[in-house]
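K.L.:
just coords:
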């Protein structure tokens, strides 16, 4: 399993107080004499009319045979009455009884609550049933607003959270060699200047900090451009809620700035996450982003805050780490597809850049892949899936009618189809394949889908290394694994709660379920896909949506500087709407930085009593559970779009 191991608040830095990791995998709520408790968990955004609908009852005492009702909130009338069956599992010693409550028979649009009687009555938050396009329109709009609030540079978008541009000095940034760093990113001595300045302005901040990485931005642009292309009514120019076209182009143009086409040079990171005794880093201070250009005046300690270093992946024309080459090539190939008519000059530029960086991929890497510094922030270990995706998108670009700049070495889509199939075969042969749904570390859940489509669009291509059936089988195997995991979880979730990036994995699985149905016409995983998305949106042990602003209960205290300093601390507007947080994990983290607003303001932990197999802490210090990130949010957009598309069939 390839997992994020964020070290942002490691025990080392200036301004960091008492950073510790707290694995609180138990609950005191089961103490002798405690009053019985029960809670009903639902998808707080709502359920499409034709979709499977399931709520969960979590109780400290048995509820077998208890009556449950689904009531219309406006009239208070009963729309459905049923009986609680046998428990589907146990969550913890505090809540050993979990029941699933199915109410798929309700299809009439409206607002509802699920209530349970008996000795421990409980009711759900209100939720909607209705047209999927209406249900997921607001979450898509929220996701778009999240990326707008993550914008760096002069092209910021004013909002209640953003009042000024940031990091304008990035427009003339000095480039540096990658330093030798320790596991937390600290380095000794001075950074080594390369003497070349580039325009590294724009782009999105990576997460709750202000660093910018090609590693995460390229993945985000890949998914965003795929959504704009495939779901024009939900994410493209036909959307009445959220046209991501301009936002995708904003991220894409930063990727193009980080790639010097003339010299064949990739720059992969802006800023440092850890410094040394004489050098402050991004993670040492807590501030609004517009403060950085003049932070500390002339104090040399803050020189890399005011003038952020840009790190070069290698000398001009040298091999590029294949994970970065593949996902960048995918972004440039998708650019050529999406902008072939609206911006043909941009499309041609992207196609040339995509071919060049794909050609420079180091397909025999030794040691660690290049992701970011330190590697532990994003410890990716696989790259063949990235190469598969890059080759596939270049093939689709060449067959889409995109403008072809003069001098392309490979103007025939068949070349890239053969390459993509070869990398797909190599990826599927790996022993660990099939264990990780679509997420930053494994893009095969998108690459397989795209390659099947590319092969179907080129029926005369033969002799490639994999067949459509094998690619679909790879998708089916990963989804089947998730179904097996769901059977072991009382909330039917297809990914372990105590791992990392829980919400992102749930959204990724929902995307893959939609892809499988589109490719095969089979609805085998449709209900599971709905349930996995339900879990992300509140149908979980904690009863919290893992996407800020989506639903009625969601993280109020994300570890995000702008949200903490300019937003509310109680969930009322303004919040960082649309941001997907890490989600439940195996640990909660703590560590205060000077200037951080305490959140929750009065302390406490409302979710602690539900911690068992995993922990979820809504506290600004807990980056392991409530830090949002651009890559975490990326799959949510596609998940909403797929659910909307599925409702039309």
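P.N.:
Thanks, I have the structure now. It should be emphasised that the depicted structure is a prediction, and the values quoted were computed from it without experimental measurement.

K.L.:
okay, CA-based contacts and neighbour counts for the rest of this
P.N.:
Fine.

K.L.:
partners of residue 166 in the sheet?
P.N.:
Per DSSP bridges, residues listed as beta-bridge partners of residue 166: residue 153.

K.L.:
What about the residue nearest to residue 309 when sequence neighbours are not counted, how many residues nearby?
P.N.:
Taking C-alpha to C-alpha, 6 or more residues apart in numbering as the measure, residue 309 lies nearest to residue 271, with 5.3 Å between them; neighbours along the chain are not counted. Residue 271: 21 surrounding residues under other C-alpha atoms under 10 Å.

K.L.:
dump the residue contacts of residue 271.
P.N.:
Listed by C-alpha atoms under 8 Å, 6 or more residues apart in numbering, the contact set of residue 271 reads 210, 211, 212, 281, 282, 304, 305, 308, 309, 310.

K.L.:
Among the residues you listed, which lie within strands?
P.N.:
Counting by DSSP state E, the members of those that fall within strands are 212, 310.

K.L.:
Now for the closest residue to residue 345 other than its chain neighbours, how many residues are close by?
P.N.:
What sits nearest to residue 345 in space, not counting adjacent residues and going by C-alpha to C-alpha, 6+ apart, is residue 403, at 7.8 Å. A total of 22 residues lie near residue 403 under the criterion other C-alpha under 10 Å.

K.L.:
ok, residue 403 to residue 391 distance?
P.N.:
According to C-alpha to C-alpha, to the nearest Å, residue 403 and residue 391 sit 17 Å apart.

K.L.:
How about residue 328?
P.N.:
When C-alpha to C-alpha is the yardstick, residue 328 and residue 391 sit 11 Å from each other.

K.L.:
cool, residue 195 as well?
P.N.:
Going from residue 195 to residue 391 by C-alpha to C-alpha gives 34 Å.

K.L.:
Show me what secondary structure element comes after the lowest-mean-pLDDT helix or strand in the chain.
P.N.:
Across the helices and strands of the chain, mean pLDDT, DSSP states H and E gives its lowest value to strand 16-22, namely a mean of 35. Using DSSP states H and E, the helix or strand that follows strand 16-22 in sequence is strand 38-41.

K.L.:
so where is the stretch 401-550 of the chain shaky, pLDDT-wise?
P.N.:
Residues of the stretch 401-550 of the chain meeting the criterion pLDDT under 70: 431-435.

K.L.:
Could you dump the contacts of residue 271 into CSV and include neighbour count and pLDDT?
P.N.:
Conversion of the contacts of residue 271 to CSV gives the following (neighbours: other C-alpha atoms under 10 Å; pLDDT from 0 to 100):
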residue, neighbour count, pLDDT
210, 28, 98
211, 18, 98
212, 25, 98
281, 23, 95
282, 21, 96
304, 19, 96
305, 25, 98
308, 26, 98
309, 23, 98
310, 28, 98
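
K.L.:
What is the nearest of the contacts of residue 271 to residue 451?
P.N.:
Top of the list for closeness to residue 451, among those and by C-alpha to C-alpha, is residue 212 at 29.4 Å.

K.L.:
Check the spacing between that closest one and residue 504 real quick.
P.N.:
The separation that residue 212 has from residue 504, given C-alpha to C-alpha, amounts to 20 Å.

K.L.:
now do residue 512
P.N.:
12 Å.

K.L.:
ditto for residue 246
P.N.:
Taking C-alpha to C-alpha as the criterion, residue 246 is separated from residue 504 by 23 Å.

K.L.:
Same check on residue 63?
P.N.:
The gap separating residue 63 from residue 504 is 32 Å, by C-alpha to C-alpha.

K.L.:
Domain boundaries for the protein, per the record?
P.N.:
Here the domain parsing of the chain from automatic domain parsing is 40-128, 168-466.

K.L.:
how about those domains in TSV, adding distance to residue 536?
P.N.:
Formatted as TSV, the domains of the chain follow (distance: least, C-alpha to C-alpha, whole Å):
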stretch	distance to residue 536
domain 40-128	8
domain 168-466	15
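
K.L.:
looking at these, which is closest to residue 597?
P.N.:
Nearest to residue 597, of all the domains of the chain, is domain 168-466, at 9.6 Å by C-alpha to C-alpha.

K.L.:
that older thread, more crowded one of residue 195 and residue 391?
P.N.:
When residue 195 is set against residue 391 and neighbours are counted by other C-alpha under 10 Å, the residue ahead is residue 391, at 32 against 8.

K.L.:
Please verify my assumption that that one contacts residue 329.
P.N.:
Yes. The criterion here is C-alpha atoms under 8 Å, and residue 391 meets it with residue 329 at 7.4 Å.

K.L.:
how near is the closest residue to residue 322 other than its chain neighbours to residue 212?
P.N.:
The spatial neighbour of residue 322 that comes closest, neighbours along the chain excluded (C-alpha to C-alpha, 6+ apart), is residue 361 at 4.8 Å. As defined by C-alpha to C-alpha, residue 361 lies at a distance of 22 Å from residue 212.

K.L.:
Okay, now the unreliable bits of the chain?
P.N.:
For the chain, applying pLDDT under 70 flags the ranges 1-33, 431-435, 647-649.

K.L.:
number of nearby residues for the residue nearest to residue 265 when sequence neighbours are not counted?
P.N.:
Leaving aside its chain neighbours, residue 265 sits nearest to residue 316 (4.6 Å; criterion: C-alpha to C-alpha, 6+ apart). For residue 316, the count of nearby residues is 14 (other C-alpha under 10 Å).
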